[in-house]
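Asker: Sequence and predicted structure are below.
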Amino acid sequence: MKVLVAMSGGVDSSVAALLLHEQGHDIVGVTMRLWGGESDTGCCSVSDVDDARRVAQQLDVDHLVFNFAEDFDAHVVDPYVRAHETGVTPNPCVECNRHLKFDRLLERADALGFDAVATGHHARITTDDHGDLRVTRGADMQKDQSYVVHMLQGRALDRTLFPVGGLTKADVRSLAAQHGLRTASKPDSQDVCFIQSTTGREGFLERRMTFNPAEVVDTDGRPAGHVAAVELVTVGQRRGLNLGGGDKRYVVDVDVATRRVVVGGEEDLLTNITLVNQLSWPHTTDKPDAARQVLVQGSAHGARHEATIEATGDGAVRIEWKRPQRRIAPGQTVVFYDLADTHVIGGGVVTS
């Protein structure tokens with residue numbers, strides 16, 4: 001089988017290419033150039049491209065570089081900025097996977113005559129009891145990335161491979177070391193690739209938008225202070241509010257239009273209901289026409305909580321938590337799993 005392997009320059013994608021090569025597949029490595037600006041984090045640096053190229057040389061396979069910078073700006077960076085302007089907390093890594101790794105890359109693979117694409121994600125694609133393909137949790141639960149690839153559906157599920165999904169991270173590094181791959185001990189990327197560690201999110205955004213101050217009030221509307229940039233405040237935030245001593249207070253609501261931030265105690269963060277839109281379902285039969293019990297995960301490595309999901313009739317889904325949960329910031333991704341906590345059955349973006 002001809003496989004286009006996305007090689008980020010990290011150890012996981014290096015071993016993904018190694019495994020497919022050893023299995024006899026006809027592989028070509030490809031590194032996507034996404035962010036054209038300054039970067040000292042993530043997976044978009046010049047050194048990462050060089051690492052991927054050198055690993056491909058070690059495996060004696062061809063290596064290509066695809067420039068998807070315009071698509072990355074349009075689908076990831078620009079929406080990231082616009083989200084902050086409206087008080088929404090985006091998830092750029094999920095959107096990068098959605099639009100670049102499992103959209104543009106598959107399109108390019110089709111154009112070049114490849115049968116499948118592969119990445120180094122710690123997830124699996126398996127067949128459920130009904131014979132349907134599903135994104136499934138990786139074998140290493142500490143490194144599981146099914147959350148960030150939950151959007152795979154339809155034809156993409158048929159043509160995507162996750163070669164390291166059945167391995168632990170320790171197994172991956174051991175294989176890389178055994179074969180002398182230069183990425184064997186390379187640290188994992190942890191940060192958003194277009195955010196520099198020296199300037200952070202604030203430095204990135206202040207060059208692209210205007211910050212506005214906002215008043216901070218408690219849940220009874222009494223003044224509690226001020227923040228210099230309402231666009232940088234997110235629901236659930238506690239640090240950086242400069243509210244003085246006393247009880248811990250958390251952001252429970254952000255209104256950019258009125259430049260108002262509401263803070264309260266931990267109990268004020270709790271909610272029974274969360275609304276979600278921009279939904280994706282692996283199969284049309286997954287859409288919850290009637291109430292359905294699921295496990296919900298609200299961050300990349302967050303805990304799973306029992307809930308009931310039900311369509312609202314306007315294309316959204318209503319999550320009713322079995323037990324009150326902390327509010328999830330609008331713009332963040334939630335993913336639905338079966339009650340066995342194994343398969344992805346859908347996901348979406350929090351609205352309120």
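Answerer: Here it is on my side, so go on.

Asker: what about the strands in the stretch 1-150 of the chain?
Answerer: Shown for the stretch 1-150 of the chain, the strands assigned by DSSP state E, counting those that start in this stretch span residues 2-6, 26-33, 63-67, 116-118, 123-127, 133-137.

Asker: Cys96 is nearest to which of the ones you listed?
Answerer: Of all the strands of the stretch 1-150 of the chain, it is strand 26-33 that lies closest to Cys96, at 9.3 Å by CB to CB. For the C-beta atoms, the positions are set from N, CA and C on the backbone; glycine is no exception.

Asker: Strand 63-67 and the closest one, what's the angle between them?
Answerer: Interaxial angle, strand 26-33 versus strand 63-67 (axes from the mean of the first three to the mean of the last three CA atoms, to 10 degrees): 40 degrees.

Asker: Would you mind listing where the stretch 1-150 of the chain has pLDDT under the threshold?
Answerer: 37-46 (pLDDT under 70).

Asker: returning to what we had before: could you name the stretch from the strands of the stretch 1-150 of the chain that's closest to Val49?
Answerer: Nearest to Val49, of all the strands of the stretch 1-150 of the chain, is strand 26-33, at 5.1 Å by CB to CB.

Asker: partners of that closest one, with directions?
Answerer: strand 2-6 (parallel), strand 63-67 (parallel) (DSSP bridges).

Asker: how about CSV for the strands of the stretch 1-150 of the chain, with distance to Val254 and mean neighbour count added?
Answerer: Shown next, in CSV, are these (distance: least, CB to CB, whole Å; neighbours: other CB atoms under 10 Å):
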stretch, distance to Val254, mean neighbour count
strand 2-6, 35, 23
strand 26-33, 33, 21
strand 63-67, 36, 15
strand 116-118, 38, 22
strand 123-127, 32, 19
strand 133-137, 32, 23
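
Asker: Dump these to CSV, plus distance to Lys287.
Answerer: Output for those, formatted as CSV (distance: least, CB to CB, whole Å):
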stretch, distance to Lys287
strand 2-6, 30
strand 26-33, 31
strand 63-67, 34
strand 116-118, 26
strand 123-127, 20
strand 133-137, 15
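
Asker: how about those, which one is nearest Gly346?
Answerer: With CB to CB as the criterion, Gly346 lies closest to strand 133-137 of those, at 10.3 Å.

Asker: Which strands or helices does that closest one pack on?
Answerer: Where contact means 3 or more CB pairs under 8 Å, 6 or more residues apart in numbering; DSSP states H and E, strand 133-137 is packed against strand 123-127, helix 155-158, strand 344-350.

Asker: Please spell out which residues along stretch 18-27 are buried.
Answerer: Leu18, Leu19, Leu20, His21, His25, Ile27 (16 or more other CB atoms under 10 Å).

Asker: Distance to Asp255 added to the helices and strands packed on strand 133-137, as a markdown table?
Answerer: Shown next, in a markdown table, are the helices and strands packed on strand 133-137 (distance: least, CB to CB, whole Å):
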| stretch | distance to Asp255 |
| --- | --- |
| strand 123-127 | 37 |
| helix 155-158 | 37 |
| strand 344-350 | 16 |
